[in-house]
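Chemist: Quick one: sequence and predicted model below, then my questions.
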Amino acid sequence: MTRERLLTPRLVLQVLLAVVALPLLPLLVSGDWRWWQAWAYAAVSIGGFALSRGLVARSHPDLLAERAHSLQKQDAKPWDGPLLLTMTLAAALALAVAGVERRVATAPALGWPLHALALAGIVGGYTLGAWAMLANRFFSGTVRIQADRGQRVISSGPYAWVRHPGYAGALLTYLLTPLLLASPWALAPTALAIAALLVRTAREDATLQAELPGYADYATHVRYRLLPGAW
């Protein structure tokens, strides 16, 4: 796929909204431009995206093309779109709610060690997701069997420990964002995002076991989907 087809106006708009505007949502809603925790969240989100895609562009340029147009793939599983939309909207709502809570000054006061711990965990979540993408050139944005790209089982890198490390990284980020932003109100939409993520993980895993050669055998060796020793 050519660079011209990859960088379409629609894709540029999607990136600006999802990668730039969304991480800044707590600041935009709260109007508090001195909120360092929200700035830290935005910096990690935007920087993590830019760094991970830069690394992927060097090792798997075809993966960027796949992800850029994954929402238009006709063989994506029909149940995946609603789950992906739920995850995205719920995560965005959590950020907006945190901004509202900051604006009305009802957020609890937390010590900097808790904020630092949450921020470190969010960095860890983004790092795990980037590692998974670098290890897996079939890390598509939608659930589909990529026969057109010769999809095969990946068992190296973080896939030696859990079957869905990208989702594990996202789970860690979801869980710790309300703590970083000191927003109990954000826990409700975060719970919805996590529920959708767990359902998507389970359904994707079942799809891979049923349709991707070798995956069922891989699953007998790497037993856990997200959390080693738990699930």
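Modeler: Right, received. Where do you want to start?

Chemist: Could you list the low-pLDDT ranges of this protein?
Modeler: Along the chain, the parts satisfying pLDDT under 70 run over 1-8, 10-11.

Chemist: for it, what spans make up the helices?
Modeler: Secondary structure of the chain (DSSP state H): helices located at 3-6, 9-15, 25-30, 36-59, 61-68, 80-103, 112-135, 165-180, 187-211, 215-221.

Chemist: Give me the contacts around stretch 17-25.
Modeler: Contacts of stretch 17-25 with the rest of the structure, by Cβ atoms under 8 Å, 6 or more residues apart in numbering, involve 28, 41, 42, 45, 46, 49, 50, 88, 92, 95, 96, 99. Backbone N, C-alpha and C define where each C-beta goes, glycine included.

Chemist: before we move on, back to that, and of the helices of the chain, who's closest to residue 150?
Modeler: Closest to residue 150 of the helices of the chain is helix 61-68 (Cβ to Cβ; 10.4 Å).

Chemist: buried stuff in the closest one?
Modeler: Under the neighbour-count criterion of 16 or more other Cβ atoms under 10 Å, helix 61-68 has 63, 65, 66, 67, 68 buried.

Chemist: mind checking how far that helix is from the chain centre?
Modeler: 16 Å (Cα atoms, centre = their mean, to the nearest Å).

Chemist: CA atoms of it as PDB?
Modeler: Listed next in PDB are the C-alpha coordinates belonging to helix 61-68 (Å, rounded to 0.1, in the frame of the first residue of the first chain):
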ATOM      1  CA  PRO A  61       5.500  -1.000   7.900                       C
ATOM      2  CA  ASP A  62       2.800  -3.300   6.500                       C
ATOM      3  CA  LEU A  63       1.200  -3.400  10.000                       C
ATOM      4  CA  LEU A  64       0.700   0.300   9.900                       C
ATOM      5  CA  ALA A  65      -1.200  -0.100   6.600                       C
ATOM      6  CA  GLU A  66      -3.300  -2.900   8.100                       C
ATOM      7  CA  ARG A  67      -4.200  -0.900  11.200                       C
ATOM      8  CA  ALA A  68      -4.900   2.300   9.200                       C
END
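
Chemist: okay, the helices of the chain, which one's buried deepest?
Modeler: Across the helices of the chain, averaging neighbours per residue (mean count of other Cβ atoms under 10 Å) puts helix 165-180 on top, at a mean of 23.
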